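J.: Predicted coordinates and the sequence they were generated for:
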Amino acid sequence: MRGADRRTGLRSRGRFRSLANGFRWFCDGCGRCVAMCPGMAIFLLDRSAGNGRARVTVPYEMGEEMRAGREVWALDGEGIPLGKVRVVGAKKRGGRAGTTLVTVEVDEEWALKVRGVR
């Protein structure tokens, strides 16, 4: 693939990249794609605990600081609250918007519904 990164198979398109076949095998969960997505449409999902719980990482660009241990509202794709959840991790990922990646622990039934926090 001409112009693609040999390791990931991604083709550079300005600041963003387009996904190529097999990308999922190169994901290390760093969250860079979550922070870079202009539409906040990407999230990370970790179901590895296998105890009926899952960890969801979403972008957060509001001024309020997020930190582990804090209780927040989990929101669905329309901004409707699903319920209160606990933040298990928060890390700044630079960029102009100052995006913070917030990881919350939720019941597995909410894993594919959570799209934001408040």
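T.: The structure has been received and is ready for your questions. Note that the structure is a prediction, hence the values are computed from the model and not measured.

J.: Look at C33 and tell me its secondary structure.
T.: helix (DSSP: H, G, I helix; E, B strand; the rest coil).

J.: and the closest residue in space to it that isn't next to it in sequence, how many neighbours?
T.: Spatial nearest neighbour of C33, chain neighbours left out: I42 (5.2 Å); criterion: C-beta to C-beta, 6 or more residues apart in numbering. All C-beta atoms are positioned from the backbone trio N, CA, C, and that covers glycine. Look at I42: counted by other C-beta atoms under 10 Å, it has 15 neighbours.

J.: Strands along the chain, start to end?
T.: With DSSP state E, the ranges of strands along the chain come out as 11-13, 16-18, 44-46, 53-60, 71-75, 81-92, 100-107, 116-117.

J.: So which of these is the most surrounded?
T.: Among those, ranked by average contacts under mean count of other C-beta atoms under 10 Å, first place goes to strand 116-117 (a mean of 22).

J.: which other residues reach that one?
T.: Residues from elsewhere that reach strand 116-117 (C-beta atoms under 8 Å, 6 or more residues apart in numbering): 40, 58, 60, 66, 72-75, 79, 85, 87, 102, 104.
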